[in-house]
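Peer 1: everything below, folded, please.
(chains A and B)
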Amino acid sequence: MPATLAAYSVVAVYSAITVYVIAFIAFALDLSKRSAIAQASAKALATPAQLTVGGSGAGTTVLEKPSAVPSVRGKASRYQRTGYALVIVGWVVHLTALVLRGLAAGRVPWANLYEFAMTGTAIMIGVFIFIQFYRDVKFLGAYITGVVVLLLGLASVNFYVAVTPLPPALQSAWLVIHVFVATLGTGFFAVGGGLSIAQLLQTRREAGGLTRAPFLATFPMAEVLENIAYRVVVVGFAFWTFTLMAGAIWAERAWGRYWGWDTKEVWTFIIWVTFAGYIHARATRGWRGSRSAWLAIIGFSAVLFNYTVVNLFFKGLHAYSGL
Amino acid sequence: MVSRTRSDATDAADGTSTRSDPLRPSDHIDSAGPIDDSVTQPRLGPLGYVRFFWRQLTSMRTALILLLLLALGAVPGSLVPQRSSDPNGVVAYQTANPQSFKVLDSLGLFSTFTSPWFSAIYLLLFISLVGCIIPRLKHHLDALRAKPPKTPARLERLVGYASTTTTTDAESAIVQARSLLKRQGYRVARYDTDGPHPSLSISAERGYLRESGNLVFHLALVGMLLTVGVFGSFGYTGQRILVQGEAFTNSLTDYDSYNPGRFANENSLQPFQLRLDSFQPKYLFQDGSWSPESFNANLSTRVPGGSWTKQLLQVNSPLSIGGTQVYLLGNGFAPIVTVKDPSGKVVYSGAVPFLSQDANLTSAGVIKVPDGLAKQVAFQGFFCPTPVATTTGCTSLSPYLSDAAVLQLSVFTGNLGLDKGTPVNAYSLNEDGLTKIAGFRTKVDGLQLTKGKTAQLPDGLGSIEFTGISRYVSVDVHHDPTPAFALLFAMLILGGLLLSLFVPRRRVWIKALPGKDGRTRLEYAGLARGEDPTLARAVSELVARHGQHLDGVTAEPSSDDPPTRT
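Peer 2: So this is what the prediction gives:
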C-alpha cells in the first residue's frame, strides 16, 4: 500500500511539473503580449512627440529624454489568466503529491532532499498565490513557474529516493517545525528575489535602457517593486530567523550543542546575515534601490546554493539528502 | 553618529516633526540628511579624530559593510574543514595538501570562527551596534514620555486625507475621536486653535513598540554574544567510548577526550557514573542497503550516594544527569580477545572497540599488547559482523551480527611507543619502528578468527583467542551553562524582530471645524513614520468607525487623489 501511494505521488509530481510547464508557456506568451501592448502605446505616444520635434526645427536645446519611459497598464491578458489558473491547478496536484508521499511514508514529507524540494517548491507556489490577495504580482508568473519547474524537475530526476523510515537523528518533533519553517522562508525569499530582479530591470528601463524588454513597461515602477519586494523578504527573514533558532534548539537536543558551525549552520548564518544586510541597506542612504535589490538576489542565490551545492557536496552533520 | 540635525528639529507645521521619531544614524534613510562637514570643517584635533572615527564606526554604512564582511568571512568556514566541527577533516587535509595547509592555517582558516580577523569583524560590528543603540535607547525613553506633535495646519497633503460633515457639535466629536483613538492604542494629545477659523483637534501617535522591538532585538543580540562568548567558556565537553558492562565516572581521567571551556574548572565535574548494560540497534533493509531505524542504549546511571537506575539513551533524547547532558553519538562492536604467552598464561584480555567504517559496520581497530610476551605485539585489522572476503580484509554485508562474524588481524612486533609517557591514539597504530610479521604483503597469512577460535602467533610468540563480542556506544558529555540564557535571548531577538518589522509607527489626526451652518466639518489624515503599507486603509477605517459615533454624517468628495506613500 505505501509503495502504491508513493508511486501515485510520483505520478502527481510529474503531472504538476507538466501543468507548471504549460503555465510557464502561458506566462511567457503573456509577457510577449505585454511587449506588444507596450510598443503599441509607445508608438501612439511617440507620434505626436515627433511632430513637435519636427516643428521646432533647430531647437535642439530642449530635447528632453522622453520622461515617458511610459508605464502601461491594462486588463490582464487571456494568457495571464490561463497561466494563473494553471498554476492553481498545478498547485492542487502538487499538494496531492505531497499528501500521498506523506501518507506513504507515515510522516511529514520533508525528510530528504527530494521531499524537501517537493515541499519547498509547493510553498514557493503557495506564497506566490497568497501574495496575490494583497497585491497583483502575476507578472512574476513566468519567473516563479520557471524556478519551480527547474527545481522540481531537477529533484525528481536526480534526487529521487524511495520512501525510507526516518534515520534516528531525524526522529524529532523539530523536524516538523524547523524544516517546514525553513521552506516557508525559502518560498518568501524566492518571490522576493523575483521582485528584486524585476526591480533591477525596471530601474534600467527607467534610466532609458533595456529597450529589448518592452514588457517591463507594463510592470509596476521600480520603487513600487522595491516596496513589495521588501515586504515579502521581511516576512521571509522572520521565518528564517525562526528556522535558525528552531534548528539551534534541535541541535542542542540531538548533538549536544546549539551552535557548532556545521556547514549547514554556517550557510544558514550567511543567509541570515545577508538578508539582515538587505534590511539595513534599504534603510541606508545611498544603498536603497538597486544595491539593496542585489543583496536580496544574492541572499536568494545563497539559499539555492545552500539547498543544492551545500547539501550534495559539503561534508557536515546535516547529511540527510538520502543520496 | 548621533545625527546633529535631530536637535534642531522643531515641530514642523506639516506634522513631520521628528522630535519623537526614533533616533537614527545620519546616513539612515529616515534621518534629515548627512551633515556636510567638508566645507566648514576645522582642523581636527586628536579628540576630533576620535569623534570622527566614532561617527564613522556607528554609521549605517559601516554597520552594513561589516554585516556583509561577516557573511563573506563565514564562507571559508564552510569550504575548509574546521578544527571545532571536523578535526579529522583538518588532519586529512594536512596530509593531502601539506603546502596549501600551511598557507591556509596561517590565515586561520581551519578555525575561521575564532580567528583574529573574523573576531575583529564581529567585535567591530558589535561595538558599532552598541554605539548606535545607546543614544537611541536614551532618545526612545524620552520619546515614550513625550506628547504627540502639534496637528498640522493643513491635513490635505497627508496620507488617507478624508473629510466629512456631521450634525454633532465639534466638542463632542473630538471627545469621541479622542476615546476612539485611545482604544486603538494611540497616544493622544488635544490641540485647539483659536482665530478666525477655530479648530479642535486630536493628534495621535502609535507604534512606539516598533522602536522598542528594534532596540530589544539589537540588545538581545549583544546579550547572545556575551552569553555564548563569556558564559559558554564555563562549560566543557568530553567524549568517551563505553563498552558493555564498563562503568564510567565523570572525572577528567576517565574521558577519552576532554575539551574544557576557558573558565571551566575540572573540580566542578559532577562525579556521576554511567554503565552500558546493552545496546539494541534496529536497521531496515531497503533498495539493497541497510539504514538505521533506531538506536537504543540501555544505561545504568548513578549519582554520588545514590543507587544504580536504569535509563534509556537515544539519539535526539539526551540524558540529563548531575547538571550535564549525555548524548548518544556512535556505536559499534568491541571484539573480546584473550592473548596468552606460549606457556598459556593470559597476558591480555578485554573488549577492544573497533570503529565502524561504513553503514554495515565493517569495523577497524587495533589491539596493543605491550607487556607479557617476548616482544611488544600489536594487532591491526578488521571486524566484520556479516563478512564477505576482500583482497585486503573483509567487508560487511549487514550491520547485524552473524555467526560467521570474523576478526581479521595483521600482526606487528616492535616498539609500540607506549613507554615514553606521551599520549598515543588507542585506535590507530603508528607503524614506524614496527615490523609486520603476518598479514597482507608478508609471507605469513593474517589471522582469521571466528568466535571461539584461537590462532597461534608467528615465531612462537603465543596465541590469541577471539572469545566473544561486546557492543559499545560513544557518548558525548556536555556541561553548558548557557542554553537557558541563549534561549531567553533568542526569544527576545525573535520577539523584538517581529515588533520592529511589523508594527507600524504612524501618526493620525482628527480635526473638527465648527461650521456656520451648524454642521461640523471633520478632517482625517495620517503620516507614516517608516515602513507602513496599510496606513491609508487604517485612516479610512478610522473615518468609518468615528462616523458610527456621530449623527448625520455625510462624506465630502475628495478633490483629488491624496498622495499615497507606498
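Peer 1: for residue B:404, grab phi and psi.
Peer 2: phi -80, psi 0 (degrees, to the nearest 10).
Peer 1: show me what contacts it?
Peer 2: Residue B:404 sits next to B:386, B:387, B:450 when contact means CB atoms under 8 Å, 6 or more residues apart in numbering or on different chains. Placement of C-beta: from N, CA and C, glycine included.
Peer 1: reformat these as CSV; add neighbour count, pLDDT and distance to residue B:110.
Peer 2: CSV is the format used below for the contacts of residue B:404 (neighbours: other CB atoms under 10 Å in any protein chain shown; pLDDT from 0 to 100; distance: CB to CB, whole Å):
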residue, neighbour count, pLDDT, distance to residue B:110
B:386, 21, 91, 38
B:387, 24, 90, 38
B:450, 12, 91, 43
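Peer 1: between those, which is nearest chain A?
Peer 2: Of all the contacts of residue B:404, chain A sits closest to residue B:386, with 20.3 Å by CB to the nearest CB.
Peer 1: for the residue nearest to the closest one when sequence neighbours are not counted, helix, strand, or coil?
Peer 2: Excluding the flanking residues, the one nearest residue B:386 by CB to CB, 6 or more residues apart in numbering or on different chains is residue B:398, at 4.0 Å. Assigned state for residue B:398: coil (three-state reduction, DSSP: H, G, I helix; E, B strand; the rest coil).
Peer 1: contact partners for residue B:398?
Peer 2: Shown in contact with residue B:398 (CB under 8 Å, 6+ apart): B:283, B:285, B:290, B:360, B:385, B:386.
Peer 1: what do you get for residue A:91?
Peer 2: A:16, A:122, A:125, A:126, A:129.
Peer 1: do I have it right that the last one meets residue A:89?
Peer 2: No - with contact defined as CB atoms under 8 Å, residue A:129 does not count as touching residue A:89 (11.5 Å).
Peer 1: count of residues packed around residue A:234?
Peer 2: 21 (other CB atoms under 10 Å in any protein chain shown).
Peer 1: turn the contacts of residue B:398 into TSV, columns for distance to residue B:54 and secondary structure.
Peer 2: Output for those, formatted as TSV (distance: CB to CB, whole Å; DSSP: H, G, I helix; E, B strand; the rest coil):
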residue	distance to residue B:54	secondary structure
B:283	62	strand
B:285	66	strand
B:290	62	strand
B:360	62	coil
B:385	66	coil
B:386	69	coil
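Peer 1: any chance of those in a markdown table, with distance to residue A:178 too?
Peer 2: Converted to a markdown table, the contacts of residue B:398 look like this (distance: CB to CB, whole Å):
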| residue | distance to residue A:178 |
| --- | --- |
| B:283 | 25 |
| B:285 | 29 |
| B:290 | 27 |
| B:360 | 30 |
| B:385 | 34 |
| B:386 | 36 |
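Peer 1: these: which two are farthest apart?
Peer 2: Of all pairs drawn from the contacts of residue B:398, the greatest distance, 14.2 Å, lies between B:285 and B:385 (CB to CB).
Peer 1: between those two, who's got more neighbours?
Peer 2: Per other CB under 10 Å, whichever of residue B:285 and residue B:385 has more neighbours is residue B:385, with 23 against 11.
Peer 1: pick out the residue in the stretch 101-250 of chain B sitting closest to chain A.
Peer 2: Nearest to chain A, among the residues of the stretch 101-250 of chain B, is residue B:113, at 5.2 Å (CB to the nearest CB).
Peer 1: quick one: that residue is in a strand?
Peer 2: No - Residue B:113 is assigned helix when assessed by three-state DSSP, not a strand.
Peer 1: quick one, helices of chain A?
Peer 2: Here chain A has its helices, by DSSP state H, at A:2-56, A:78-105, A:113-132, A:141-158, A:173-174, A:180-206, A:222-254, A:263-282, A:290-305, A:311-313.
Peer 1: to residue B:346, which of those helices lies closest?
Peer 2: So among those, helix A:222-254 is nearest, using CB to CB, at 41.9 Å.
Peer 1: how far off centre is that closest one?
Peer 2: 14 Å (CA atoms, centre = their mean, to the nearest Å).
Peer 1: ditto for stretch B:124-141
Peer 2: That offset, for stretch B:124-141, works out to 23 Å (CA atoms, centre = their mean).
Peer 1: give me the residues contacting stretch A:303-318.
Peer 2: Under CB under 8 Å, 6+ apart, the answer for stretch A:303-318 is A:113, A:116-117, A:120, A:154, A:185-186, A:189-190, A:255, A:260, A:262-264, A:267-268, A:270-271, A:321, A:323, B:78-79, B:81, B:85-86, B:89.
Peer 1: the stretch 51-200 of chain A against chain B: which residues are in contact?
Peer 2: Within reach of chain B by CB under 8 Å from any CB of the partner chain, the stretch 51-200 of chain A has these residues: A:162, A:164, A:165, A:167, A:168, A:169, A:171, A:172.
Peer 1: pretty sure the first one contacts residue B:288?
Peer 2: Looking back up the chat, that one is residue A:162. No - look at residue A:162 against residue B:288 with CB under 8 Å: they stay out of range, at 10.8 Å.
Peer 1: neighbours of the closest residue to residue A:282 other than its chain neighbours, just the number please.
Peer 2: Leaving out its chain neighbours, the residue that sits closest to residue A:282 by CB to CB, 6+ apart is residue A:292, at 4.6 Å. Applying other CB under 10 Å, we find 25 residues neighbouring residue A:292.
Peer 1: which residues touch residue B:369?
Peer 2: Counting by CB under 8 Å, 6+ apart, residue B:369 has contacts B:339, B:347, B:348, B:376, B:377, B:378, B:379.
Peer 1: buried members of the contacts of stretch A:303-318 into ChimeraX, please.
Peer 2: Buried members of the contacts of stretch A:303-318, defined by 16 or more other CB atoms under 10 Å in any protein chain shown, are picked up in ChimeraX with:
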select /A:113,116,117,120,185,186,189,190,255,260,262,263,264,267,268,270,271 /B:78,81,85,86,89
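Peer 1: how far away is residue A:116 from chain B?
Peer 2: Distance of residue A:116 to chain B, computed by CB to the nearest CB, to the nearest Å: 18 Å.
Peer 1: for that residue, what are its contacts?
Peer 2: A:110, A:179, A:183, A:307.
Peer 1: by pLDDT, give me the weakest of the residues you listed.
Peer 2: Within the set of these, pLDDT is lowest for residue A:307 (85).
Peer 1: who are the neighbours in contact with the most centrally placed residue in chain A?
Peer 2: For chain A, residue A:190 is the residue whose C-alpha lies nearest the centre (CA atoms, centre = their mean; 2.3 Å). For residue A:190, the contact set (CB under 8 Å, 6+ apart) comprises A:124, A:127, A:144, A:147, A:300, A:303.
Peer 1: max pairwise distance over those residues: which two?
Peer 2: A:144 and A:303 (14.6 Å).
Peer 1: before we move on, back to that, residues near the residue lying closest to the residue of the stretch 101-250 of chain B closest to chain A once chain neighbours are set aside, how many?
Peer 2: Among residues not flanking residue B:113 along the chain, residue A:261 sits closest, at 5.2 Å (CB to CB, 6+ apart). Using other CB under 10 Å, residue A:261 is surrounded by 21 other residues.
Peer 1: contacts only, for residue A:261.
Peer 2: By CB under 8 Å, 6+ apart, residue A:261 lies in contact with B:77, B:82, B:84, B:85, B:112, B:113.
Peer 1: closest one to residue A:12 out of those, please.
Peer 2: Closest to residue A:12, out of all of the contacts of residue A:261 and judged by CB to CB, is residue B:85, at 38.9 Å.
Peer 1: am I right that that closest one is in a helix?
Peer 2: No - looking at residue B:85 with three-state DSSP, it is coil, so not inside a helix.
Peer 1: state the pLDDT value of the closest residue to chain B within the stretch 101-250 of chain A.
Peer 2: Closest residue of the stretch 101-250 of chain A to chain B, CB to the nearest CB: residue A:168 (3.9 Å). Looking at residue A:168, its pLDDT is 78.
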